[in-house]
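# sequence first, predicted model second:
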Amino acid sequence: MSLLEVKNLTKRYGNELAVDDVTFLLEERTATALIGPNGSGKTTTLSMMGGLLRPTAGSINWNSGSGIGFLPQYPRFFPWLTALEFMEMAAKISGVDAKHARAQSMRTLEFVGLKGEMKKKTGAFSGGMKQRLGLAQAIVHQPQLLLLDEPVSALDPAGRREIMDLLKSLQQDTTILYSTHILNDAEEMTDQLLFLQNGRLVEQGSLADVRSRYAEPRIRVKFSDTAAAAAFTEKAPWEIKHEGNAVYIPVIDGRPALQEVLNYFAANSAGVTGIEHQAASLEEIFLKVAGVR
Ligand SMILES: Nc1ncnc2c1ncn2[C@@H]1O[C@H](COP(=O)(O)OP(=O)(O)OP(=O)(O)O)[C@@H](O)[C@H]1O
């Protein structure tokens, strides 16, 4: 059963439609990546779902009572509070019983790797530590739905890796909707992709579905050098694209099959060092959907 249903969600600022008639479902214990160029409406969508903004039209329906955790794009902390004080406050605001707030806060800080920093003032935290604290306040009450606006974009690669791993471990019993412009991350943790452009949902589905719509699969044949690739280009039995020491054979309606290409090169192996099937990366799909290419 789906946990949440977003129907015809719309937000208008004056004449501008920041979010334009967006409809989707979140299934229980799935991860959904919300992607799209700057200004496409990701933050506005998440803010409406998190209850920070009122929709102009449309509805957001829950099929469950248990809470939401929300990590805004630029979380604010009170710099004079220690991490533990901040967390206890966040826990109480999120409905954690006052008796359990401290223990629950300490457990969560440990989970996000801030056990040693509990007594430090948040004003002295680095960007990466703040990001972890932001995640900690979002999950302290063990919500069923986690909404995360750009949870890893501000981090360096090591920090991103750690937060992505934390999110993956949460995914087992939480439904996660997160926005990102780092497509490698979206590729790594996604059961559903939502692609916004100018406020409209222009693509939606599993990564495999979206890939198959845009994939234009091809076979890449790598040669030992450019001259060998050029020599093959002269006599190629298929339509090909030559780029440096490689040639690309577009696969249209399953032709040519990889086996056919392998057979050809088994008999004419002049300078071939590798043959592989390639699908489009999410990055390439993004550029295509966004109309950059
Ligand atoms: N408070 C506001 N008043 C007027 N327009 C706004 C407001 N907030 C956002 N917008 C406009 O709504 C559109 C969507 O913005 P939003 O911040 O949701 O996009 P985004 O996809 O999150 O972008 P980014 O990747 O840059 O964070 C933009 O055109 C933006 O200028």
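Sure thing, it's come through.

# quick one, strands of the stretch 101-250 of the chain?
145-149, 175-179, 192-197, 200-205, 218-223, 241-243, 246-250 (DSSP state E, counting those that start in this stretch).

# same question for stretch 86-100, mean pLDDT?
On average, the pLDDT along stretch 86-100 is 93.

# which intervals of this structure have sub-threshold pLDDT?
Along the chain, the parts satisfying pLDDT under 70 run over 64-66, 215, 292-293.

# grab the nearest non-local neighbour of the residue nearest in space to the middle of the chain.
The centroid of the chain falls nearest to A186 when counting by CA atoms, centre = their mean (2.9 Å). Sequence neighbours aside, A33 is the residue nearest to A186 in space, at 3.8 Å (criterion: CB to CB, 6 or more residues apart in numbering). No exception for glycine: its C-beta is placed from N, CA and C like everyone else's.

# could you measure from the one you found over to D149?
12 Å (CB to CB, to the nearest Å).

# what do you get for K130?
With CB to CB as the criterion, K130 and D149 are 14 Å apart.

# same check on Y264?
50 Å.

# who has more neighbours out of those two?
Taking neighbours as other CB atoms under 10 Å, Y264 and D149 compare with D149 leading, 23 against 18.

# burial count for the residue lying closest to the more buried one once chain neighbours are set aside?
Nearest non-adjacent residue to D149, counting by CB to CB, 6+ apart: Q73, 4.1 Å away. Here the number of neighbours of Q73 (other CB under 10 Å) works out to 16.

# ok, Q73 to the ligand distance?
6 Å (CB to the nearest ligand atom, to the nearest Å).

# give me the three-state assignment for that residue.
coil (DSSP: H, G, I helix; E, B strand; the rest coil).

# around the ligand, which positions in the protein sit nearby?
13, 16, 18, 36, 38-44, 181 (CB under 6 Å from any ligand atom).

# now list the buried members of the residues you listed.
In the residues of the chain next to the ligand, burial by neighbour count holds for 18, 36, 40-44, counting by 16 or more other CB atoms under 10 Å.

# identify, from these, the entry nearest to Q104.
Lowest distance from Q104 to these (CB to CB) belongs to T43, with 28.2 Å.

# what residues are up against that closest one?
Neighbouring residues of T43 by CB atoms under 8 Å, 6 or more residues apart in numbering: 73, 149, 179.

# what angle sits between the helix or strand harbouring the residue nearest to A186 and strand 200-205?
Assigned by DSSP states H and E, A33 belongs to strand 31-35. For strand 31-35 against strand 200-205, the angle by axes from the mean of the first three to the mean of the last three CA atoms, to 10 degrees is 140 degrees.
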